[in-house]
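*Asks:* I would like to see how this sequence folds:
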Amino acid sequence: PIITKKVFNNFFYLINEGGKPYFMQDTIHLGWHGWLTVDKSVKPFLDGKDKVNKNNNYKINDYFYSDQWQKAEGQELNNIIK
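*Replies:* Numbering: from 1, shown residues only. The predicted structure is shown next:
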């Protein structure tokens, strides 16, 4: 997947959780149960106790904060995500 090539080695996959009560508030916003699940999974990473990511130092390229990135379309966007 593109996320493992360009961004992070590990990510939290929640696609199968959406049907649980209070997990989603609507189609794009987590509900209280969803946030609780995310908090529990992210806490070890933030505390530096995540064994999988312990030695990773993530650095996001400043380009991804730029107006050019936000407005990228067509071939320019395709070149970025390849």
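
*Asks:* Looking at the spatially most central residue of the chain now. What's its pLDDT?
*Replies:* Most central residue of the chain, judged by C-alpha distance to the mean C-alpha position with CA atoms, centre = their mean, is residue 11 at 6.1 Å. The model reports residue 11 with a pLDDT of 70.

*Asks:* Over to residue 30?
*Replies:* In this model, residue 30 carries a pLDDT of 90.

*Asks:* Could you pull up the residues touching it?
*Replies:* 23-24, 38 (CB atoms under 8 Å, 6 or more residues apart in numbering). Just so you know, the C-beta spots here come from the backbone N, C-alpha and C atoms, and that holds for glycine as well.

*Asks:* Tell me the gap between the helix ranked longest in the chain and the middle of its chain.
*Replies:* Ordering each helix of the chain by length in residues (DSSP state H) puts helix 32-46 first. Relative to the chain's own centre, helix 32-46 is displaced by 13 Å; criterion: CA atoms, centre = their mean, to the nearest Å.

*Asks:* Stretch 39-47 now?
*Replies:* The chain centre lies 13 Å from the centre of stretch 39-47; the measure is CA atoms, centre = their mean.

*Asks:* low-confidence ranges in this protein?
*Replies:* 1-10, 50-58, 81-82 (pLDDT under 70).

*Asks:* all strands for it, in order.
*Replies:* Remark: no strands are assigned in the chain by DSSP state E.

*Asks:* what's the neighbour count on residue 17?
*Replies:* Neighbour count for residue 17, taken as other CB atoms under 10 Å: 15.

*Asks:* again but with residue 14, I slipped
*Replies:* Neighbours of residue 14 (other CB under 10 Å): 15.

*Asks:* Ok, residue 33 next?
*Replies:* 15.

*Asks:* In contact with the nearest residue in space to it that is not next to it in sequence, which residues?
*Replies:* Once flanking residues are discounted, residue 33 sits nearest to residue 22: 4.0 Å by CB to CB, 6 or more residues apart in numbering. Residue 22 is in contact with 31-34, counting by CB under 8 Å, 6+ apart.

*Asks:* Now the buried members of the residues you listed.
*Replies:* 31, 34 (16 or more other CB atoms under 10 Å).

*Asks:* Mind putting the contacts of residue 22 into TSV with distance to residue 49?
*Replies:* What follows is the contacts of residue 22, written out as TSV (distance: CB to CB, whole Å):
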residue	distance to residue 49
31	27
32	24
33	23
34	22
